[in-house]
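Participant: curious how this folds, go ahead:
(one chain, ligands or ions: 1)
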Amino acid sequence: MLRRVFEQGAYADRALRKVAEGLDARDRAFATQLAFGAVQRRGTLDHVAAHLADRPVDRLDPPVAAALRLGLFQILYLDGVPDHAAVDESVELVKADAPRAAGLVNAVLRRGADEGPRIVAALTDETPEQAAIRHSVPEWLARLWFDELGPDEARALLAAGNQPAEHALRANALVLTARELLARLPVAAHLGLEPEEAIVADAPFDAHGSPLFAAGAMLPQSRASQLVAHAVDPQPGDRVLDLCAAPGGKTTHLAALTGDEGRIVAVERHAGRADQLRATARRLHAGSVEVVHGDAAAFTAAEPFDRVLVDPPCSGLGTLRSRPDLRWRATPQSIAELTGEQRAIIDAAANALAPGGRLVYSTCTLSTAENERQIDALLARRPDLALDQVRTTLPHRDRTDGFFIAALSRTL
Ligand SMILES: C[S@@+](CC[C@H](N)C(=O)[O-])C[C@H]1O[C@@H](n2cnc3c(N)ncnc32)[C@H](O)[C@@H]1O
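Facilitator: Predicted coordinates:
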């Protein structure tokens with residue numbers, strides 16, 4: 001699975017789902033921890049491996065690199081696996097694909113067990129280059145956050161990106177309250193966080209396999225993501241447009257906030273995801289949702305909308321904790337491309353908004369090009385819009401995903 005992610009750019013969660021089929025819950029949890037950890041910490045692991053092997057990891061055969069990353073991850077970051085077991089397992093693994101490298105893997109990992117912890121402890125994050133190695137991100141990302149947030153905030157954010165994500169759920173108010181959900185969950189959890197429908201489980205559990213999920217009583221959704229529908233603040237009877245809607249966490253939340261007494265038009269370009277969105281709306285009893293399969297940038301409204309939400313594709317840099325491969329997938333180039341798509345969708349949203357209506361733009365990323373600068377440019381293009389509110393959540397401060405949420409109103 002790791003080789004598919006490292007060598008073919010496969011998505012870590014999908015690749016893992018395939019190979020973890022058939023494992024029991026405990027083995028699956030361990031496989032997830034290993035696979036996600038080795039992908040997430042790749043930057044730091046490669047630094048240590050290069051030091052110990054005396055050559056850059058990209059000069060090693062791919063199966064050798066994968067075995068070293070897996071072995072070093074266990075040695076450096078997992079307490080439950082004895083070092084000798086991590087070494088032996090990795091040597092066995094490499095024997096299958098590159099038997100002649102078994103000696104090298106054995107020698108590097110043995111040294112890793114002796115010297116690796118000291119090498120990692122000595123890493124600093126004074127500069128973006130050092131921070132990239134210590135916190136295991138590409139250098140451009142460390143530099144971006146140092147420049148845009150300042151060094152202290154950037155270091156805290158980078159460190160938070162390697163912490164486990166909180167297990168947040170949203171109680172579907174069309175079915176039950178958060179307190180009622182808490183009483184029925186199979187794991188300990190707590191309430192009292194913002195927003196009021198949020199529950200945070202104290203341990204991971206198979207939320208998607210739960211009967212509560214099947215009954216539409218809840219769904220996994222980060223607390224930051226749950227703030228978005230509240231920013232839209234839809235009222236019963238409102239006409240609401242959700243322009244990038246699948247898989248539907250926010251669409252169905254909008255429906256719940258109106259008591260399912262509004263009209264919610266949910267646009268999604270990808271056909272398969274539009275089907276998934278329909279299924280989510282059905283499961284969550286959101287009968288007021290009408291799914292439109294189409295391009296949001298080309299959407300034209302026969303009648304204007306009271307509320308419009310734009311939650312466009314973005315670089316996702318606020319969600320590094322739950323998407324271990326994302327940091328290696330995103331590039332400055334992909335951010336530049338996304339800003340063009342976002343801008344076209346924002347313009348369609350502004351055109352669909354009624355006078356006096358509210359427009360909310362949200363992303364799960366932390367890059368000014370996709371956030372603050374998008375809103376500044378919109379306000380310059382559209383003097384009929386005024387900015388009411390901006391909120392940014394930060395993983396290290398708010399213990400949820402990093403989101404940007406801007407609410408604007410149409411004045412004319
Ligand atoms: C960030 S996700 C939306 C998440 C969703 N709002 C939720 O809370 O579950 C962006 C979605 O927009 C869709 N998308 C991308 N470009 C689009 C376009 N031009 N028109 C409509 N949908 C688009 C993607 O397929 C993806 O499902």
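Participant: alpha carbons only for contacts and neighbour counts from here, please
Facilitator: OK.
Participant: convert the C-alpha atoms of stretch 187-197 to PDB, please.
Facilitator: In PDB, the C-alpha atoms belonging to stretch 187-197 read as follows (Å, rounded to 0.1, in the frame of the first residue of the first chain):
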ATOM      1  CA  VAL A 187     -17.900   5.300  23.000                       C
ATOM      2  CA  ALA A 188     -17.300   8.000  25.600                       C
ATOM      3  CA  ALA A 189     -17.700  11.500  24.100                       C
ATOM      4  CA  HIS A 190     -18.300  15.000  25.200                       C
ATOM      5  CA  LEU A 191     -20.500  18.000  24.400                       C
ATOM      6  CA  GLY A 192     -20.300  21.700  25.200                       C
ATOM      7  CA  LEU A 193     -18.100  22.700  22.300                       C
ATOM      8  CA  GLU A 194     -18.900  25.000  19.500                       C
ATOM      9  CA  PRO A 195     -21.300  24.600  17.700                       C
ATOM     10  CA  GLU A 196     -24.000  23.000  19.900                       C
ATOM     11  CA  GLU A 197     -24.700  20.100  17.500                       C
END
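Participant: list the buried ones in it?
Facilitator: Using 16 or more other C-alpha atoms under 10 Å as the test for burial, stretch 187-197 gives 189, 196-197.
Participant: cool, stretch 341-360 as well?
Facilitator: Quick answer for stretch 341-360 (16+ other C-alpha under 10 Å): 342-343, 345-350, 352-354, 356-360.
Participant: quick revisit: run through the buried residues of stretch 187-197 and flag the ones next to the ligand.
Facilitator: Taking C-alpha under 6 Å from any ligand atom as the test, the ligand is in contact with none of the buried residues of stretch 187-197.
Participant: let me see the domain layout of this protein.
Facilitator: 2-123, 125-160, 222-410 (automatic domain parsing).
Participant: mind putting these in JSON lines, mean pLDDT included?
Facilitator: What follows is the domains of the chain, written out as JSON lines (pLDDT from 0 to 100):
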{"stretch": "domain 2-123", "mean pLDDT": "90"}
{"stretch": "domain 125-160", "mean pLDDT": "98"}
{"stretch": "domain 222-410", "mean pLDDT": "97"}
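Participant: looking at those domains, which is nearest to the ligand?
Facilitator: The ligand sits nearest to domain 222-410 of all the domains of the chain, at 3.6 Å, using C-alpha to the nearest ligand atom.
Participant: gap between that closest one and the chain center?
Facilitator: Here the centre of domain 222-410 is set off from its chain's centre by 15 Å, with C-alpha atoms, centre = their mean, to the nearest Å.
Participant: now check it, is it near the ligand?
Facilitator: Yes. Using C-alpha under 6 Å from any ligand atom, we find that domain 222-410 touches the ligand at 243-250, 267-270, 294-297, 311-313.
Participant: which of those count as buried?
Facilitator: 243-250, 267-269, 294, 296-297, 311-313.
Participant: circling back to that earlier point, can you flag which of the residues of domain 222-410 next to the ligand belong to strands?
Facilitator: Residues of the residues of domain 222-410 next to the ligand located in strands (DSSP state E): 267-268.
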